[in-house]
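> Just a sequence and a predicted model for now, questions to come.
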Amino acid sequence: MIDLVKYEKRHIEPLLTLLNNSNVTDWLYKIPVPYTEKDAKTWLKFCKKNADKNENILYAIELNGEIIGGIGLHQRAGHCYETGYWIGEPYWGKGFATEALNKVLDFAFDELQIVRVQAFVFEGNTASERVLEKCGFKQEGFLLKSYIKDNKYINSKLFAKVI
Ligand SMILES: CC(C)(COP(=O)(O)OP(=O)(O)OC[C@H]1O[C@@H](n2cnc3c(N)ncnc32)[C@H](O)[C@@H]1OP(=O)(O)O)[C@@H](O)C(=O)NCCC(=O)NCCS
């Protein structure tokens, strides 16, 4: 069973291990490569700055008190948030992303009382698509060249859960 917690300094070291892995970062937009201690500290500052606001809601995913990933909710409109998440490779395939996303969805729909959570998935990210489907998201679109990363255009799929 995982917990969603605020990011803390003790997460910095494991973040460096988990995020210096292209199998994880290839599928994420705007993540620094290599991922340095400075990047982790900047991230923690951003999280702290956002702590009392509802615009960016950011959680470390912990298993038995150790960070294994991250998940966020980003406000796109009063009624709509976008989610993004990752799990460190040693922890893949154990249902942790699905569990984390379901927790975040409960918070979004029950506490924030919004009606739409959306997610963009790079083309080819079958595992993430599966996570979204397991959590009740439906694909709404296929967006050509919607991202650019390492000077390459990336197609993406838009998924949403709407209540
Ligand atoms: C996508 C990611 C978050 C999934 O995390 P996870 O904890 O392994 O996910 P879960 O275990 O909850 O579910 C994964 C599902 O995908 C399936 N899956 C994994 N790889 C797959 C593949 N190549 N093809 C088809 N299904 C796949 C698993 O079997 C599982 O489905 P099941 O429960 O029906 O068997 C993780 O792989 C990751 O962090 N990837 C890199 C970053 C990323 O892609 N983030 C999301 C950006 S949109």
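Nice, thanks for sending it over. Treat the numbers as computed from the prediction; the structure is a model and nothing was measured.
> Flag every residue of this protein that's near the ligand.
24, 27-28, 85-87, 92-98, 119, 121, 125-128, 130-131 (C-beta under 6 Å from any ligand atom). Just so you know, the C-beta spots here come from the backbone N, C-alpha and C atoms, and that holds for glycine as well.
> Out of these, which end up buried?
For those, a neighbour count by 16 or more other C-beta atoms under 10 Å gives the buried set as 24, 27-28, 85-87, 96-98, 119, 121, 125, 128, 131.
> Now intersect these with the helices, please.
Counting by DSSP state H, these place 24, 96-98, 128, 131 in helices.
> right, and out of these, which lies closest to L144?
S128 (18.6 Å; C-beta to C-beta).
> sorry, back to before: how about the buried ones among the residues of the chain next to the ligand in a markdown table, adding pLDDT?
Output for those, formatted as a markdown table (pLDDT from 0 to 100):
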| residue | pLDDT |
| --- | --- |
| V24 | 98 |
| W27 | 98 |
| L28 | 98 |
| Y85 | 98 |
| W86 | 98 |
| I87 | 99 |
| F96 | 98 |
| A97 | 99 |
| T98 | 98 |
| A119 | 98 |
| V121 | 98 |
| N125 | 98 |
| S128 | 99 |
| V131 | 99 |
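> nearest to D52, of those?
Lowest distance from D52 to these (C-beta to C-beta) belongs to Y85, with 22.1 Å.
> returning to that earlier point: and the two most separated of the ones in helices among the buried ones among the residues of the chain next to the ligand?
V24 and T98 (16.7 Å).
> Going along the chain, name the helices of this structure.
Using DSSP H, helices in the chain cover 12-19, 22-25, 37-49, 96-106, 126-134.
> Spatially central residue for the protein, please.
Y85 (1.8 Å; C-alpha atoms, centre = their mean).
> thought it was touching G69?
Yes: between Y85 and G69 there is a contact at 6.7 Å, judged by C-beta atoms under 8 Å.
> which neighbours do those two share?
Common neighbours of Y85 and G69 (criterion: C-beta atoms under 8 Å, 6 or more residues apart in numbering): 61, 97, 100.
> Packed most tightly, which of the helices of the chain would that be?
Among the helices of the chain, the stretch with the highest mean neighbour count (mean count of other C-beta atoms under 10 Å) is helix 96-106, at a mean of 19.
> show me what contacts E89?
Residues near E89 by C-beta under 8 Å, 6+ apart: 18, 21, 23-24.
> of these, closest to the ligand?
Nearest to the ligand, judged by C-beta to the nearest ligand atom, of the contacts of E89 is V24 at 4.4 Å.
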